[in-house]
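# heads up, no residue letters with this:
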Ligand SMILES: O=S(=O)([O-])[S-]
């Protein structure tokens, strides 16, 4: 079971997992999407790896680092979270609604697309 958190709940989730290590948001959107809209990494590390290359770049991620997965609406990030969970990552969340919800709930300056 992957924790589903709304963007507005991210700060509380980050706080709840920091005992396990310094948490990060893993944005799995494509480079062209990152150019259109990105979140500001405030209080967390921001890692960007497109979903399609996560298997090839898995070695870049630390299985013990808490990761909150992000995409456009929350579907791809959910798949990535389950992929990572199956590979031993322990502290995972999916940001439900993705960056679209982030724009609505956390930072309206983030463009919606
Ligand atoms: O980014 S998305 O897969 O939720 S459309």
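Noted; the coordinates are in hand. None of these values were measured; they are calculated from a predicted model.
# Now stretch 49-61: buried residues?
49-51, 54, 61 (16 or more other Cβ atoms under 10 Å). Where you see a C-beta, it was placed from the backbone N, CA and C, and this is true even at glycine.
# Distance to residue 106, pLDDT and secondary structure for those - can I get that in TSV?
Below are those laid out as TSV (distance: Cβ to Cβ, whole Å; pLDDT from 0 to 100; DSSP: H, G, I helix; E, B strand; the rest coil):
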residue	distance to residue 106	pLDDT	secondary structure
49	22	98	coil
50	22	98	coil
51	22	98	helix
54	24	98	coil
61	24	98	coil
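# with those residues in mind, which one is nearest to the ligand?
residue 51 (8.2 Å; Cβ to the nearest ligand atom).
# residues in contact with the residue lying closest to that closest one once chain neighbours are set aside?
Counting by Cβ to Cβ, 6 or more residues apart in numbering, residue 51 lies nearest to residue 28, which is 4.2 Å off, once chain neighbours are set aside. Residue 28 makes contacts with 48-51, 54, 69-71, 76-77, 80, as judged by Cβ atoms under 8 Å, 6 or more residues apart in numbering.
# repeat for residue 41
Here residue 41 is in contact with residue 25 (Cβ under 8 Å, 6+ apart).
# repeat for residue 81
Applying Cβ under 8 Å, 6+ apart, the residues contacting residue 81 are 2, 67, 69, 92-94.
# Which ones among the residues you listed lie within strands?
Mapping the contacts of residue 81 onto strands (DSSP state E) picks out 67, 69, 92-94.
# Between these, which sits nearest residue 111?
residue 69 (20.6 Å; Cβ to Cβ).
# Tell me how many other residues crowd that closest one.
Residues near residue 69, counting by other Cβ atoms under 10 Å, number 29.
# same deal with residue 70?
Using other Cβ under 10 Å, residue 70 has 29 neighbouring residues.
# And for the one 3 residues further on?
Other residues lying near residue 73 total 13 when counted by other Cβ under 10 Å.
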